[in-house]
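> A structural model of the following input is requested.
(one chain, ligands or ions: 1)
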Amino acid sequence: MTGRTDPLLSHAELEAALREIGATRYHSLHPFQTLLQEGRLTRAQVQAWALNRYYYQSNIPVKDAIILARLGTVELRREWRQRILDHDGSETERGGIEKWIALTDGVGLDRDYVMSGKGILAGTRFAVDAYVHFVRDRTLLEAIASSLTELFSPNVIGVRTRGMLAHYDFISAETLAYFDKRPVQAKRDSDFALNYCLEHADTREKQEAVMDALRFKCQVLWAQLDALYFSYVEPALTPPDAWRPGEADAGREAR
Ligand SMILES: O=C(O)c1cc(C(=O)O)c2c(n1)C(=O)C(=O)c1cc(C(=O)O)[nH]c1-2
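As a prediction, this is how the structure comes out:
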């Protein structure tokens, strides 16, 4: 057992501890992720994933704007604002949110419905809102540490994209274009966040807080896939108010 009064970890030890948290808790290990990348979901189940994940995507620049406002120097803000640009885009470049809408278009969901936020699972909403509130309420160090799941995302994105393209005839490379730039962006962002955390966690207590923030964020991602699994795979108990297969399906007759 480790405690908050244990000695300070070296940078290498803290990094190894963070990587161990990812190796045992990241959403790449979730059964829903396995089904998704192995082509074992129906089109409707993939639609449920795309619809719910839009809520995560659309809140990423919101949480980054909260962090931005808490950063005390021009250099740090300049670094962090790139994250907001990546998602919100600009006059000349499509951002991640727009590309996610291309993804939900691609799987046949009505875009007004997707953007309205209607039909998303309560589990999705609670998990994503908890992430936004975490970066607002905790220390800046914890807020930055909670983005460290991105250390592990390039790998899962590669496996997921290759798997989906290979297994689903309704998925094209254009539909998944959102993921093209993410591994490079995620590496840049997580390298920066990791260095920040290694440098600023200068007591054992802060190092433990960084690890706890990463565990929390793994739970934010895991809980979203739990909600999808429970509601649309097994036992497939779709809650009242949640999207149902066939609803908002741009590929079929509107009802
Ligand atoms: O596809 C994925 O598995 C995945 C994971 C994560 C992550 O680990 O939080 C992010 C993303 N994608 C992503 O696209 C993204 O923009 C993103 C931002 C953040 C963050 O916490 O700031 N995580 C993630």
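> Now the closest residue to residue 147 other than its chain neighbours: which helix or strand?
The spatially closest residue to residue 147, leaving aside those adjacent along the chain, is residue 193, at 5.1 Å (CB to CB, 6 or more residues apart in numbering). C-beta here means a position set from N, CA and C on the backbone, and glycine is covered the same way. In this assignment (DSSP states H and E), residue 193 forms part of helix 178-200.
> what does that helix contact?
Residues from elsewhere that reach helix 178-200, judged by CB atoms under 8 Å, 6 or more residues apart in numbering: 11, 14-15, 18, 79, 82-83, 86, 96, 99-100, 102-103, 141, 144-145, 147-148, 150-151, 153-154, 157-158, 160-161, 206, 210.
> Could you export it as PDB, CA atoms only?
What follows is helix 178-200 as a C-alpha-only set of coordinates in PDB (Å, rounded to 0.1, in the frame of the first residue of the first chain):
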ATOM      1  CA  TYR A 178     -12.200  12.500 -37.100                       C
ATOM      2  CA  PHE A 179      -9.500  10.000 -35.900                       C
ATOM      3  CA  ASP A 180      -6.900  10.900 -38.600                       C
ATOM      4  CA  LYS A 181      -5.300  13.700 -36.700                       C
ATOM      5  CA  ARG A 182      -6.000  12.600 -33.200                       C
ATOM      6  CA  PRO A 183      -3.000  10.400 -32.500                       C
ATOM      7  CA  VAL A 184      -0.600  13.200 -33.400                       C
ATOM      8  CA  GLN A 185      -2.600  15.800 -31.500                       C
ATOM      9  CA  ALA A 186      -3.000  13.400 -28.500                       C
ATOM     10  CA  LYS A 187       0.700  12.700 -28.400                       C
ATOM     11  CA  ARG A 188       1.600  16.500 -28.500                       C
ATOM     12  CA  ASP A 189      -1.000  17.200 -25.800                       C
ATOM     13  CA  SER A 190      -0.200  14.400 -23.500                       C
ATOM     14  CA  ASP A 191       3.500  14.900 -23.700                       C
ATOM     15  CA  PHE A 192       2.900  18.500 -22.600                       C
ATOM     16  CA  ALA A 193       0.500  17.500 -19.800                       C
ATOM     17  CA  LEU A 194       2.800  14.700 -18.600                       C
ATOM     18  CA  ASN A 195       5.800  17.000 -18.400                       C
ATOM     19  CA  TYR A 196       3.700  19.600 -16.600                       C
ATOM     20  CA  CYS A 197       2.600  17.000 -14.000                       C
ATOM     21  CA  LEU A 198       6.100  15.600 -13.500                       C
ATOM     22  CA  GLU A 199       7.400  19.100 -12.900                       C
ATOM     23  CA  HIS A 200       4.700  20.500 -10.700                       C
END
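> And the next helix or strand past that helix?
Following helix 178-200 in sequence, per DSSP H and E, is helix 204-228.
> What's the mean pLDDT across that next one?
Summarised as a single mean, pLDDT over helix 204-228 is 98.
> Number the chain from 32, please
All right, first residue 32 from here; so that's helix 235-259.
> returning to that earlier point: please determine how far the residue nearest to residue 178 is located from residue 260.
29 Å (CB to CB, to the nearest Å).
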